[in-house]
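**Student:** Fold the following and give me the result.
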Amino acid sequence: MNAGEKRLGPGQGSDRLSWVLIILHGFLGIGAIVGGGGLIIDPSGSLLHMPNSLLEHSPFGNFLILGIILLLVLGIMPIVIAISLITYSHWEIGEKLNLYLDRYWGWTFSLYTGFALHIWIMVQVYWIQNVSVIHLIYFAWGVAIQVVTLLPGVQRRYSR
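**Tutor:** Now for the predicted structure:
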């Protein structure tokens, strides 16, 4: 650990909320890696029991591109964010894309992830032209990520 890095330890009040945020990102990432990986391995969607009729109103002929986006944006990125919220890792690109210069880049990307999840769900609902319980759950998950990220204790924890 470098002199400028912080480590997140369990116990303190804002730290508990930070762990909630880390867990939200971790489980989102794991699920999206499994789902995106399944769509990449089998772009027909049959491995994940997804009928091609789900693509009827989308610009895609199979699930490959969607699987890649899911894997990268909602899979790998939340895992990277979860790790960064624990280790305070420096990431040059993250710093450049950080709109909140008084906050650690991982905190900002936590907000970005909530928005990305909302966009993902809204586009799905638009293309599928149907709303299911899973859409509501994942939309709420995105809200939860953003609410926990914006809690004052969590903001203080990731302030510079």
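**Student:** Give me the helices and strands touching the longest helix anywhere in the chain, please.
**Tutor:** Counting by DSSP state H, the longest helix found in the chain is helix 13-41. With contacts taken as 3 or more CB pairs under 8 Å, 6 or more residues apart in numbering; DSSP states H and E, helix 13-41 sits against helix 64-71, helix 77-87, helix 105-128, helix 133-150, helix 152-157. For glycine as for every other residue, the C-beta is placed from the backbone atoms N, C-alpha and C.
**Student:** If we go by neighbour counts, what in it is buried?
**Tutor:** Residues 14, 17-19, 21-22, 24-26, 28-29, 31-33, 35-40 are the ones in helix 13-41 that count as buried (16 or more other CB atoms under 10 Å).
**Student:** between the helices and strands packed on helix 13-41, which gets nearest to residue 58?
**Tutor:** Nearest to residue 58, of all these, is helix 105-128, at 4.2 Å by CB to CB.
**Student:** C-alpha coordinates for the closest one, PDB please?
**Tutor:** What follows is helix 105-128, C-alpha atoms only, in PDB (Å, rounded to 0.1, in the frame of the first residue of the first chain):
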ATOM      1  CA  TRP A 105     -12.700   8.300  -8.800                       C
ATOM      2  CA  GLY A 106     -14.200   5.000  -7.500                       C
ATOM      3  CA  TRP A 107     -17.000   7.000  -5.700                       C
ATOM      4  CA  THR A 108     -17.800   8.800  -8.900                       C
ATOM      5  CA  PHE A 109     -17.800   5.600 -11.000                       C
ATOM      6  CA  SER A 110     -20.200   4.200  -8.400                       C
ATOM      7  CA  LEU A 111     -22.700   6.800  -9.500                       C
ATOM      8  CA  TYR A 112     -21.900   6.100 -13.100                       C
ATOM      9  CA  THR A 113     -22.700   2.400 -12.600                       C
ATOM     10  CA  GLY A 114     -26.100   3.300 -11.200                       C
ATOM     11  CA  PHE A 115     -26.800   5.300 -14.300                       C
ATOM     12  CA  ALA A 116     -25.500   2.600 -16.600                       C
ATOM     13  CA  LEU A 117     -27.800   0.000 -14.900                       C
ATOM     14  CA  HIS A 118     -30.800   2.300 -15.300                       C
ATOM     15  CA  ILE A 119     -30.000   2.900 -18.900                       C
ATOM     16  CA  TRP A 120     -29.500  -0.900 -19.500                       C
ATOM     17  CA  ILE A 121     -32.800  -1.700 -17.900                       C
ATOM     18  CA  MET A 122     -34.700   1.100 -19.700                       C
ATOM     19  CA  VAL A 123     -33.300   0.000 -23.100                       C
ATOM     20  CA  GLN A 124     -34.200  -3.600 -22.400                       C
ATOM     21  CA  VAL A 125     -37.800  -2.700 -21.500                       C
ATOM     22  CA  TYR A 126     -38.000  -0.600 -24.600                       C
ATOM     23  CA  TRP A 127     -36.700  -3.300 -26.900                       C
ATOM     24  CA  ILE A 128     -38.600  -6.100 -25.300                       C
END
